[in-house]
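J.: how would this look folded up:
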Amino acid sequence: MSSVPYNAYTAGRADPPPGLTYVTADGIRTRYEQWGTAGSPVLLVHGAFEDSDTWQPLAALLARDHRVYALDLTGSGYSARVGPYTTAHLAAQLTGLATALGLDRPVLVAHSSGAAVAAEAVLESPHAYSGLMFLDGDALPIAHFGASWALGPFRTSVLRLALRSDWLIRTIYSAQCGPACPRLDAAGVDRFRRPYQVAGAEQGLWKMVDSVGGPGLPATRVGQLASACVPKAVVFGKQDDVFPDNAAATVAARIGAPAPTVIDGAHHLSFISHPAAVAQAVEALTARAAAAAC
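T.: Numbers count the residues shown, from 1 in each chain. As a prediction, this is how the structure comes out:
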């Protein structure tokens, strides 16, 4: 009885921010951002509950020597919501973006669950990319938990209550980012909240969570990267509690990458808390990619 009037009261949808840029990528109206005007291309792939805006601290550093691009994967940010939200579907959108923008073999830097999307893109189109970095991600499946079944008719109310709570958004951000991250101001909270308040976002979120859970690949599929002729790198925050302590070394061995870079003091959002250290690792990968014979 409380849920029905609350849902009606909060039924209004937010508008996307003005001035966004879009391109059609594999048939999906895809929002993207660009930093820098010269140098080799670097393409950034976000993780769950992120979008291209979250890359700003790292992208600003990389843009000194590279053309840097980031997209909103369908189901996130301000790109059109187009299912199915499978890893293959998202990877096709990623490669479609690189093609639409005319990017010449960019280096992929993929965070968290975005690692699976980037991995599948490289495996499907190995000659389209010159390098691959797993950043705080292992590309393995994220199980769905049947949120529609668990929450039933209350799911809309629960989601909207959570999105309206500045405290909850700041708490989750702080837990994932760690003490080295700047505190979210009101604009920062809105950057995380607004993408899930635009038209179609709620339906897309529940469909993705219930049917897919999150992008992921079987370990055997991820392991095929070891034989791919593409330079690879693995970077993890040392205090990243999303994964076990030995995850970075395990991931590097699985995909055929050199010893991982582990950033002391960084949690799961290492590219926000320690952008300079991550940028240094990306620069090292781009140098290897430029010298590779692939």
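J.: Touching whatever helix or strand I272 lives in from outside, list them.
T.: Assigned by DSSP states H and E, I272 belongs to helix 270-273. Contact with helix 270-273 is made by 54-55, 57-58, 111, 135-136, 177-178, 180-181, 235-237, 240, 263, 265-267, 277-278, as judged by CB atoms under 8 Å, 6 or more residues apart in numbering. The way it works is simple: take the backbone N, C-alpha and C, and place the C-beta from them, glycine included.
J.: Now with 7 Å, please.
T.: Contacts with helix 270-273, where a contact means CB atoms under 7 Å, 6 or more residues apart in numbering, come from 54-55, 57-58, 111, 135-136, 177-178, 180-181, 235, 237, 263, 266-267, 278.
J.: I142 and G216 touch, don't they?
T.: Yes. In this structure I142 lies within contact range of G216 using CB atoms under 7 Å: 5.2 Å.
J.: more crowded one of those two?
T.: Between I142 and G216, counted using other CB atoms under 10 Å, G216 has the larger neighbour count: 24 against 16.
J.: got the buried residues for stretch 265-278?
T.: 266-275, 277-278 (16 or more other CB atoms under 10 Å).
J.: how far away is the residue nearest in space to the middle of the chain from L217?
T.: Centroid-nearest residue in the chain: H46, 1.4 Å away (criterion: CA atoms, centre = their mean). The spacing between H46 and L217, counted by CB to CB, to the nearest Å, is 17 Å.
J.: likewise E124?
T.: From E124 over to L217 the distance is 11 Å, taken as CB to CB.
J.: The two: which is more packed in?
T.: L217 (23 against 13).
J.: What segments of the chain are helices?
T.: Using DSSP state H, the helices of the chain run over residues 3-9, 56-62, 87-100, 114-124, 147-151, 155-163, 166-177, 186-193, 201-211, 219-223, 247-255, 270-273, 275-291.
J.: Please produce JSON lines containing those, extended by distance to A25 and mean pLDDT.
T.: JSON lines is the format used below for the helices of the chain (distance: least, CB to CB, whole Å; pLDDT from 0 to 100):
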{"stretch": "helix 3-9", "distance to A25": "33", "mean pLDDT": "61"}
{"stretch": "helix 56-62", "distance to A25": "19", "mean pLDDT": "97"}
{"stretch": "helix 87-100", "distance to A25": "4", "mean pLDDT": "97"}
{"stretch": "helix 114-124", "distance to A25": "12", "mean pLDDT": "97"}
{"stretch": "helix 147-151", "distance to A25": "28", "mean pLDDT": "56"}
{"stretch": "helix 155-163", "distance to A25": "27", "mean pLDDT": "83"}
{"stretch": "helix 166-177", "distance to A25": "28", "mean pLDDT": "95"}
{"stretch": "helix 186-193", "distance to A25": "22", "mean pLDDT": "93"}
{"stretch": "helix 201-211", "distance to A25": "16", "mean pLDDT": "80"}
{"stretch": "helix 219-223", "distance to A25": "23", "mean pLDDT": "97"}
{"stretch": "helix 247-255", "distance to A25": "25", "mean pLDDT": "97"}
{"stretch": "helix 270-273", "distance to A25": "22", "mean pLDDT": "97"}
{"stretch": "helix 275-291", "distance to A25": "22", "mean pLDDT": "97"}
